[in-house]
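*Asks:* here is a sequence together with a model predicted from it:
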Amino acid sequence: MHDDIATTVGNAAGKIWHFLDQNGEASASRLADETGLDRNEVQRAIGWLAREGKLVTERRGRYEFFRLTAE
């Protein structure tokens with residue numbers, strides 16, 4: 001079962017990484033809308049990418065935006 005969740009979250013992280021790579025920063029809501037992932041999948045994927053040090057977050061007012069780190 002653990003491998004299934006890791007695969008699912010990893011695939012979602014890949015979708016988000018590719019979206020951000022092609023489109024620049026986005027909010028979690030936009031990531032969900034544009035990738036077809038549900039909000040829980042987006043949050044898990046953001047956590048995965050953050051753990052790997054691949055995301056920068058920036059809060060502007062009520063909103064939080066995500067972009068890829070410059071590697």
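*Replies:* Here it is on my side, so go on.

*Asks:* which outside residues touch the helix or strand of the chain with the lowest mean pLDDT?
*Replies:* Averaged element by element with mean pLDDT, DSSP states H and E, the chain has its least confident helix or strand at helix 2-23 (a mean of 94). Under the criterion C-beta atoms under 8 Å, 6 or more residues apart in numbering, residues 26, 31, 34-35, 37, 41-42, 44-46, 48-49, 54-55, 66-68 lie in contact with helix 2-23. (C-beta placed from N, C-alpha, C; glycine too.)

*Asks:* just the buried subset of these, written out for ChimeraX, thanks.
*Replies:* The buried subset of the contacts of helix 2-23, as determined by 16 or more other C-beta atoms under 10 Å, is captured in ChimeraX by this line:
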select :26,31,35,37,41,42,44,45,46,48,49,54,55,66,67,68
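
*Asks:* just the ones of the contacts of helix 2-23 in helices?
*Replies:* The members of those that map onto helices under DSSP state H are 31, 34, 35, 41, 42, 44, 45, 46, 48, 49.

*Asks:* okay, now residue 23: neighbour count?
*Replies:* By other C-beta atoms under 10 Å, the residues close to residue 23 number 12.

*Asks:* so residue 70: helix, strand or coil?
*Replies:* Counting by DSSP: H, G, I helix; E, B strand; the rest coil, the backbone at residue 70 sits in coil.

*Asks:* sorry, wrong one. I was asking about residue 59.
*Replies:* Under the three-state scheme (three-state DSSP), residue 59 adopts strand.

*Asks:* good, wrapping up.
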